[in-house]
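> fold the following and give me the result.
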Amino acid sequence: MRSKPSRISGIGIDIVDLDRAARFVRDHGGRLDRFLLPHEYRRFRRSRSRAAAFALYFAAKEAVSKALGQSIQVPAEFRRYSVHVEGSRWHARAALPSGKKARFCLRPFRLEGSIGVLAFAQPVR
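Residues are numbered from 1 along each chain as shown. All right, here's what the predicted structure looks like:
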């Protein structure tokens, strides 16, 4: 019997403390466009809780990088990952060095004063 190809090619997780996110937003709020793409920054600015919004985007991008087996070294690398929200569905895209695009299913969660995101990489075609 042949096995079917996996629908998940990588998994990443990241958790961000909300107090730490709030301090970061307070201290660097004017420069967050270095981390967020324009559509992400607009959504962040409209959010009732900017600390929670930033924590979600930060955790999502870190989780995506981990699902790819990579590490984010400098703030500009956060902009390589594009996070999208459609209703209650979160997903992300990343441009790979090969020129192909990777897609990710994201699952945000809350955990005792923190926000986390699980990223499931879908196979690149």
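
> three-state assignment of residue 121?
Of the three states, residue 121 takes strand under DSSP: H, G, I helix; E, B strand; the rest coil.

> which ones are touching it?
Shown in contact with residue 121 (C-beta atoms under 8 Å, 6 or more residues apart in numbering): 8, 9, 10, 11, 12, 64, 67, 68, 102, 103, 104. Yep, even glycine has a C-beta here, placed from its N, CA and C like the rest.

> helix, strand, or coil at the fifth one?
Yep, that's residue 12 we're talking about. Residue 12 ends up strand, using three-state DSSP.

> just checking, it touches residue 60?
No. Counting by C-beta atoms under 8 Å, residue 12 stays clear of residue 60, with 9.5 Å between them.

> find residues that contact each of the two.
residue 119.

> neighbour count: the two, which is higher?
residue 60 (31 against 23; other C-beta atoms under 10 Å).

> the more buried one touches residue 82, doesn't it?
No. Using C-beta under 8 Å, residue 60 is not in contact with residue 82; the gap is 10.0 Å.

> quick check: neighbours shared by these two?
residue 92.

> and the gap between residue 30 and residue 76?
Going from residue 30 to residue 76 by C-beta to C-beta, to the nearest Å gives 17 Å.
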